[in-house]
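> kindly return the folded structure for what I paste below:
(one chain, ligands or ions: 1)
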Amino acid sequence: MISIPEEVLNLLQHSRFPVAFTGAGISVESGIPPFRGPGGIWNKYDPEILDISYFLKYPEESWKQIRKMFYEVIEKARPNPAHYALAEMENQGRLKGIITQNIDNLHQKAGNKKVVEYHGNTRDVVCLECGKKYPLLQISFEQLPPRCPQCGGLLKPDFVFFGEPIPADAALQAEEWMKNTDLLLVIGTSGVVVPASLLPYTAKQYGAKIVEVNLYPSEYTNRISDYFLQGKASEILPALI
Ligand code: NAD
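Modelled structure (predicted):
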C-alpha cells in the first residue's frame, strides 16, 4: 500500500490550477522504453538518429530506425494506471492540463483532453517541402523514405528532432500554464532534455509547489521538488486520487 504524505493530498485538494508535466517514465509500464536508465533506448540506438541533420542527410536509414525504435512499440502500447489516473483527475476538474514531452498519444488514449504535446507526436507526418500534414496511417512505407502524395517532398515524423525548435503554440501554452500553476506534478522525467526541462523551474519561480513522481532522483529532486514521491508512476498516481 503506497502512502502519500498528508501535505501532498492537501495541496491537491486545495490547488487552484494544478498541472502535470510528464516524461518517458510514465509510459515505461505501457511497454515504451525511456531514453535513459535501465532498458533505455540509448543503450541500443545512437542518439544521432534523432538529430535533424542526420535525418536530412540519411532519411531512408533514419526512417528505418525510427520505425523500429518508436512506431512499432508505440503502436502496441496502451495507457497504464498512471495515464488513467491523470484522465480521472481532469474529469473531476482536479487537473487543468498536461504538458507532455512524450510523443506516444497515451494521455489522449486514456481520456485527457487538455494535452500540450511539447515535442509533437507520432500520429502525423509532415512534408518538409509544402508543410502539409498527414495522419501516419495514410502514408505508404513501401518505399523509404516516404514522399508527400501532393508535392513529392520528403516526409518527416511530426515530432521534434534534436536541433529543431519547439512548436510555437505548444511552447506558448506551456509557458502560460507554468506561470499560472500553483501545483506542478512532475512525473517520470529525468529533467535533462532542454528546453523542456526548464519548464518546472519557471513554475517554481512563479510560486508553484512541485510534487515529483519518479523511480529515481532526477535533476529536480534536490533542487526544486517540494515533495519527492519515489516509485512507479502507475502505483503512485492512482494512490493520489
Ligand atoms: P528520460 O528517458 O530522460 O527519463 C525517464 C525518467 O523516467 C527517468 O528519470 C526514470 O527514472 C523515470 N522512470 C522510469 N520508469 C518510471 C516509472 N515506472 N515511473 C516513474 N518514473 C519512471 O525521459 P524524459 O525526461 O522524458 O526525456 C527524454 C525525451 O524522451 C523526451 O523528450 C521524450 O520526447 C522522449 N521519449 C518519449 C517517449 C514516449 O513518448 N513514451 C519514449 C522515449 C523517449
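> now the residue sitting furthest away from the middle of the chain. Nearest residue, chain neighbours left out?
Centroid-distance maximum for the chain: Cys151 at 31.1 Å, with C-alpha atoms, centre = their mean. Using C-beta to C-beta, 6 or more residues apart in numbering and skipping residues adjacent in sequence, the residue nearest Cys151 is Cys130, 4.6 Å away. All C-beta atoms are positioned from the backbone trio N, CA, C, and that covers glycine.
> which residues are in contact with the longest helix that the chain contains?
Counting by DSSP state H, the longest helix found in the chain is helix 168-180. With contacts defined as C-beta atoms under 8 Å, 6 or more residues apart in numbering, helix 168-180 is touched by 17, 19, 96-97, 99, 116-118, 120, 184, 195, 199-200, 202-203, 206, 208.
> what's the answer for stretch 215-231, then?
Identification of contacts with stretch 215-231 by C-beta under 8 Å, 6+ apart yields 2, 4-5, 7-8, 25, 37, 186, 188-192, 197, 200-201, 204, 209-214, 232, 236.
> re earlier: tell me who's in contact with the residue nearest to Cys151.
By C-beta under 8 Å, 6+ apart, the residues touching Cys130 are Cys148, Gln150, Cys151, Gly153.
> and the residue nearest to Ile4 when sequence neighbours are not counted, what pLDDT?
Distances taken as C-beta to C-beta, 6+ apart place Ala239 nearest to Ile4, at 5.4 Å, with adjacent residues excluded. Ala239 is assigned 95 on the pLDDT scale.
> where do the strands sit along this protein?
Secondary structure of the chain by DSSP state E: the strands cover 18-22, 97-100, 115-117, 120-127, 133-135, 155-159, 183-187, 209-214, 227-230.
> can I get these in TSV including mean neighbour count, mean pLDDT and distance to Ile52?
Formatted as TSV, those follow (neighbours: other C-beta atoms under 10 Å; pLDDT from 0 to 100; distance: least, C-beta to C-beta, whole Å):
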stretch	mean neighbour count	mean pLDDT	distance to Ile52
strand 18-22	27	98	24
strand 97-100	26	98	21
strand 115-117	22	98	18
strand 120-127	19	97	12
strand 133-135	13	97	17
strand 155-159	22	97	8
strand 183-187	26	98	27
strand 209-214	24	98	29
strand 227-230	16	98	34
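> turn these into TSV, columns for distance to the ligand.
Shown next, in TSV, are these (distance: least, C-beta to the nearest ligand atom, whole Å):
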stretch	distance to the ligand
strand 18-22	8
strand 97-100	8
strand 115-117	9
strand 120-127	8
strand 133-135	18
strand 155-159	7
strand 183-187	7
strand 209-214	4
strand 227-230	9
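> now render those strands as TSV, adding distance to Glu48.
As requested, the strands of the chain are exported to TSV (distance: least, C-beta to C-beta, whole Å):
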stretch	distance to Glu48
strand 18-22	26
strand 97-100	24
strand 115-117	23
strand 120-127	19
strand 133-135	25
strand 155-159	16
strand 183-187	28
strand 209-214	27
strand 227-230	33
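> interface residues of this structure facing the ligand?
When proximity is defined by C-beta under 6 Å from any ligand atom, the chain lies next to the ligand at 23-25, 27-29, 32, 34-37, 40-41, 101-104, 119, 188-190, 192-193, 196, 213-216, 218, 232-233.
> so how far is the ligand from the residue lying closest to His83 once chain neighbours are set aside?
Among residues not flanking His83 along the chain, Ala110 sits closest, at 3.7 Å (C-beta to C-beta, 6+ apart). Here Ala110 is placed at a distance of 13 Å from the ligand (C-beta to the nearest ligand atom, to the nearest Å).
> ok, now which ones touch Ala110?
Pro79, His83, Tyr84, Leu86, Ala87.
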